[in-house]
Structures are given as C-alpha cells and as structure tokens.
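K.L.:
When you get a sec, could you give me coordinates for this:
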Amino acid sequence: MGKDVIVALDFPGREQALGFLDLFEEEKPYVKIGMELFYREGPEMVREIKKRGHRIFLDLKLHDIPNTVAAAMRSLGELKVDMVNLHAGGGMAMMRQAVEALNALGADKPLVIAVTILTSLSPDAVEQELLIGRTLPDTVLHYAKNAKEAGLDGVVCSPLEAASVHQALGSGFVTVTPGIRFADGEKGDQQRVTTPEQARQIGSDYIVVGRPITKASDPVSAYRRCIREFVSA
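P.N.:
Residues are numbered from 1 along each chain as shown. Predicted coordinates:
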C-alpha cells in the first residue's frame, strides 16, 4: 500500500474548490469531498473533479438503517470515486450490506472504509458524553475489527491508533488518518493530532489534510511539504 496525502476540499462551493485546484499546475492531488461541498454542489461536482484527473475520497460518513445505506452506496458507486465511507457505529449488518452493494460494481468498486471515533472527540467526551464504557483506543480497535469482519477495506482513525490497527488486522487493512497538523501549526478543533512525519512513522496509509494546506498562504508549497514529510522522507 503506497502512502499518499489526501487534501480535504472543505470549501463552500464550486468556484472556491475549483479555484483551489487550479493552483496545482504540476500535481493532481488526491482530494476529499465532504458534506459541505457535496451537499451544496451535488454529484456533478464529483464528476467534474474526476474529469480533471483527481482521485476522490467521498467523505459522507453514511449512518442509517442497512437497507438505506446499501441503496445510497449503490448510488455513490456510480460516481466512480476511489474511496467512500460510513460510520462503524451503524453496526455489522449495515456495513455488510454496504459492502455487498459495492461488490456488485466489480473491479470498479471504490475502497469502503469505516469511521471509528471522530478525531475531534477526546477520551473524556467518549466516556462522559457518549457513555462508551471502554477506553478510546479499545473502542477504535473494536470498531476496526468489526469493519474488517464485515468485509470493509479499512478505517478512518487518528494516526495515534493506526499502529494498533495494523498490528491487530494486518498491513493490508487501510488506515486513513485525519487530525494532521504541521509542527508549527494550530491544532484547531482536532483533539488527537500528529504531524505528517509522525503519522508516517506510526504507520498511517493515508493522511487527510485540510486547513494546513487550504488555508496556507502558499497552498502548493504546503502540499509539497506534506508530501515530503509523509511520503518522501
């Protein structure tokens, strides 16, 4: 599994997202399209960015009854994206039916991964707000094991948990890790964070980077810094 940086296109609309991508004359970054952009611009935004030659992680975090999620996955699969996700908290039946829906696409199916515990959540929030009676690392690993048993390709977790996931489930089980900040950057609303270099050392397969790149004074240089620290080092 080759490592890569996924740039989060957390923009309010088409003009801003495409204007950002226009800055990249030499690279075609792997990009993440999340709720903000997708809900405003819809599937056509995905198609347009795909036509430009970018790989796409469609980050909609599906979480509903199994039949509804399976139907949604069939629709998303038609967009020919490279990765989709759902919440592991939706349970085994939901995850299995999502996988079955995507398997019908054959070789063109995207990777499907499960969100474990959001990187904005602290251990205290997991215990006191969500009333989960296990530690945060134990919960992440348990959700990851459920995802693999259900047939998923990997999980979204913080870089801090990537090593334990690989140790338990193998190097081929993909870890996609947000919560990435440069050593000299602001933490923002993330709780469980690392630098790109630390994520590489821990064993993340993909890092998802938003504001440290998109809000940088020179986004292309910031992206190249991420590549150097995570991929090329």
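
K.L.:
can you pull the pLDDT of Pro219?
P.N.:
Pro219 is assigned 98 on the pLDDT scale.

K.L.:
gap between it and Arg225?
P.N.:
Here Pro219 is placed at a distance of 10 Å from Arg225 (CB to CB, to the nearest Å). From N, CA and C alone the C-beta is placed, and that goes for glycine too.

K.L.:
Same check on Val7?
P.N.:
Distance from Val7 to Arg225, by CB to CB: 12 Å.

K.L.:
of the two, who's got more company?
P.N.:
Shown here are Val7 and Arg225; by other CB atoms under 10 Å, Val7 has more neighbours (26 against 18).

K.L.:
Quick check: nearest residue in space to that one, chain neighbours excluded?
P.N.:
Pro29 (4.7 Å; CB to CB, 6 or more residues apart in numbering).

K.L.:
Number of residues surrounding the one you found?
P.N.:
For Pro29, using other CB under 10 Å, the count is 22.

K.L.:
surely it meets Ala222?
P.N.:
No - between Pro29 and Ala222 there is no contact, the gap being 11.1 Å when judged by CB atoms under 8 Å.

K.L.:
Within the sheet, what are the partner strands of the longest strand along the chain, with directions?
P.N.:
Longest strand in the chain by number of residues, with DSSP state E as the criterion: strand 56-62. Strands that pair with strand 56-62, judged by DSSP bridges, come out as strand 30-33 (parallel), strand 83-87 (parallel).

K.L.:
helices or strands next to the helix or strand just after the last one in the packing?
P.N.:
The one in question is strand 83-87. Next helix or strand after strand 83-87 toward the C-terminus (DSSP states H and E): helix 92-103. Applying 3 or more CB pairs under 8 Å, 6 or more residues apart in numbering; DSSP states H and E, we find helix 92-103 packed against helix 66-77, strand 83-87, strand 111-115, helix 136-149.

K.L.:
Need the mean per-residue confidence for helix 92-103.
P.N.:
In the prediction, helix 92-103 has an average pLDDT of 97.

K.L.:
For the protein, which residues score under the pLDDT cut-off?
P.N.:
1, 185-192, 233 (pLDDT under 70).

K.L.:
go with 80
P.N.:
1-2, 185-193, 233 (pLDDT under 80).

K.L.:
Quick check: chain neighbours aside, which residue is closest to His142?
P.N.:
Nearest one to His142, counting by CB to CB, 6+ apart, is Arg134 at 7.1 Å.

K.L.:
Ile213 too?
P.N.:
Spatial nearest neighbour of Ile213, excluding adjacent residues (CB to CB, 6+ apart): Ala222 at 4.5 Å.

K.L.:
just Arg181 next, same as before
P.N.:
Val193 (5.1 Å).

K.L.:
same deal with Leu62?
P.N.:
Leu86 is the one closest to Leu62 (CB to CB, 6+ apart), at 4.1 Å.

K.L.:
Quick check: beta-bridge partners of the one you found?
P.N.:
Leu62, Ala114.

K.L.:
wouldn't it be in contact with Pro110 here?
P.N.:
No - using CB under 8 Å, Leu86 makes no contact with Pro110, being 11.8 Å away.

K.L.:
residues in contact with the residue nearest to Arg181?
P.N.:
Thr119, Ser158, Pro159, Gly179, Ile180, Arg181, Lys187 (CB atoms under 8 Å, 6 or more residues apart in numbering).

K.L.:
Just the buried ones among these, please.
P.N.:
Those of the contacts of Val193 that meet the buried threshold are Thr119, Ser158, Pro159, Gly179, Ile180, Arg181, by 16 or more other CB atoms under 10 Å.
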